[in-house]
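K.L.:
Give me a model of this one.
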Amino acid sequence: MFVADTFRGHSAGYSNSVIKNLTFPSPTHKFAAFRKKIKELVLQYHINLIIPTCEEVYYFAMLKEELQSHTEIFTSNIQTLKLLHSKHLFIQCLKKWQLPFPITFIAANHKELDSHRQTLKRYVLKPEYSRFADKVVIDSNGSLLKEAIDIEVNPSKKWVVQSYIEGTHFCSYSIVKNGQVLAHTVYPISHRVKQGAALYFEHLDIPDIETTVSLIAAEINYTGHLAFDFIHSESDGKYYAIECNPRLTSGIHLFDEADKLTNVFFYEKKAISPSPLYGNPNRQWMIFFGMLLYAVPNLKSIQEAKNFFLDIKNAKDVVFSWADLKPFIKQFSALYHFYHVSKQQNISILEASTYDIEWNGTED
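P.N.:
As a prediction, this is how the structure comes out:
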């Protein structure tokens with residue numbers, strides 16, 4: 001297996017499973033150089049399958065047709081990905097497919113933003129294109145928050161105004177090929193990075209969510225990683241898909257070697273779910289350093305602290321392995337790299353983690 005990123009110091013590059021750790025230019029900031037380099041690497045190393053993992057998937061989707069005679073890129077085309085990644089267009093798809101959806105508006109200026117906001121008793125504001133709940137403003141009582149006044153909104157940076165749904169949050173992660181779900185898991189959101197990415201994972205079987213995912217995958221004949229954020233509404237009991245991430249997400253951590261997940265990329269068969277971990281049917285995993293960095297500061301009581309450390313005790317770190325220690329150790333060099341980028345660009349460390357690969361809707 002070959003791995004590649006915009007910098008060499010990422011954790012995966014030091015795994016025992018890796019033949020060679022490659023680098024490519026930032027697709028976000030140097031797309032022409034990225035395109036040239038990817039083609040060179042495919043030909044040099046005879047790569048027959050590319051599996052994008054994060055937001056670089058959008059740029060690989062742009063190369064899918066161009067490179068199809070040389071390699072398979074495990075993704076759908078860029079038009080399909082844009083339909084799902086846009087937090088406005090995705091809701092329009094849910095309407096079309098007659099699936100539960102939150103009331104959603106798109107705003108290109110502050111006048112539109114305020115007008116839409118005032119039609120909702122409780123609302124959520126978020127950029128049309130974003131990740132990790134970056135810059136999300138949640139107002140659960142309908143007042144105008146200072147964050148809503150200060151945001152930058154214009155025709156090139158549109159914002160979505162969405163009705164606030166009271167309920168329990170879940171995430172789904174699936175691997176899909178030609179519209180068929182080949183691997184699937186759902187996990188609740190307990191410990192997380194602020195309002196965003198999950199840090200603690202426990203597989204659940206929720207048939208309503210699996211049915212929704214299968215329907216969407218089939219409707220668009222999707223290929224690639226497919227993840228959704230759901231809210232189980234307290235008022236009507238429905239599972240609302242509030243946004244989609246057409247890329248790999250942390251749900252991958254719920255699968256391990258015993259699941260033989262790599263087989264699904266080559267053989268179409270009945271969908272698999274994570275198998276029990278060490279006899280534990282709940283199979284709990286965590287991002288240990290993320291838990292310490294982001295979850296600990298949010299503990300508000302002794303009881304919360306007790307529950308938190310009990311969760312840590314019951315879970316396995318997604319990176320640590322005695323048989324493959326280097327990725328765990330190299331987390332620190334990756335963190336330093338993102339810290340350096342955050343200081344250089346005056347952004348958060350979380351934003352720095354996707355600075356070189358994030359995609360915000362442009363196709364040129």
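K.L.:
all helices in the stretch 151-300 of the chain, in order from the N-terminus.
P.N.:
For the stretch 151-300 of the chain, helices defined by DSSP state H, counting those that start in this stretch occupy the ranges 207-219, 288-290.
K.L.:
Flag every buried residue along the last one.
P.N.:
Same thing as helix 288-290. 288, 290 (16 or more other Cβ atoms under 10 Å). All C-beta atoms are positioned from the backbone trio N, CA, C, and that covers glycine.
K.L.:
The following helix or strand past it - contacts with which helices or strands?
P.N.:
For helix 288-290, the succeeding helix or strand toward the C-terminus, using DSSP states H and E, is helix 302-314. Applying 3 or more Cβ pairs under 8 Å, 6 or more residues apart in numbering; DSSP states H and E, one finds that helix 302-314 makes contact with strand 284-286.
K.L.:
The strand it packs on pairs with which strands, and in what direction?
P.N.:
The partner list of strand 284-286 in its sheet, established with DSSP bridges, is strand 200-202 (antiparallel), strand 316-317 (parallel).
K.L.:
gap between the last one and the chain center?
P.N.:
What it means is strand 316-317. 20 Å (Cα atoms, centre = their mean, to the nearest Å).
K.L.:
okay, Phe309: pLDDT?
P.N.:
Phe309 carries a pLDDT value of 83.
K.L.:
What is the burial count for it?
P.N.:
13 (other Cβ atoms under 10 Å).
K.L.:
for Ser301, same thing?
P.N.:
Ser301 has 8 nearby residues by other Cβ under 10 Å.
K.L.:
Now do it, the pLDDT please.
P.N.:
Taking Ser301 on its own, its pLDDT is 81.
K.L.:
Can you tell me how far it is from Lys313?
P.N.:
According to Cβ to Cβ, to the nearest Å, Ser301 and Lys313 sit 18 Å apart.
K.L.:
before we move on, back to that, nearest to Arg8, out of the helices of the stretch 151-300 of the chain?
P.N.:
Minimum separation from Arg8 across those (Cβ to Cβ) falls at helix 288-290, 20.2 Å.
K.L.:
How about residues contacting that closest one?
P.N.:
193, 199, 312, 317, 319-320, 331, 335 (Cβ atoms under 8 Å, 6 or more residues apart in numbering).
K.L.:
Pop out the phi and psi values for the closest residue to Leu215 other than its chain neighbours.
P.N.:
Spatially, and ignoring its direct neighbours in sequence, Leu215 is nearest to Trp97 (6.5 Å; Cβ to Cβ, 6 or more residues apart in numbering). Dihedral angles of Trp97 (phi, psi; degrees, to the nearest 10) stand at phi -90, psi 0.
K.L.:
Count the neighbours of Trp97 for me.
P.N.:
Trp97 has 14 nearby residues by other Cβ under 10 Å.
K.L.:
again with Ala295
P.N.:
21.
K.L.:
show me the contacts for it.
P.N.:
Contacts for Ala295 (Cβ under 8 Å, 6+ apart) come out as 191-192, 199-200, 308.
K.L.:
Now the two most distant members of those residues.
P.N.:
Pairwise over the contacts of Ala295, using Cβ to Cβ, the maximum falls at Arg192 and Phe308, 12.5 Å.
K.L.:
More neighbours: which of those two?
P.N.:
Arg192 (21 against 18).
K.L.:
So for that one, what's the nearest residue that isn't a sequence neighbour?
P.N.:
Ala198 (5.1 Å).
K.L.:
The one you found touches Phe170, doesn't it?
P.N.:
No - Ala198 is beyond contact range of Phe170, at 9.9 Å (criterion: Cβ atoms under 8 Å).
K.L.:
Which residues are in contact with each of those two?
P.N.:
What both Ala198 and Phe170 touch, as defined by Cβ under 8 Å, 6+ apart, is the set 187, 189.
K.L.:
which one of the two has more residues nearby?
P.N.:
The residue with more neighbours, out of Ala198 and Phe170, is Ala198; 24 against 19, by other Cβ under 10 Å.
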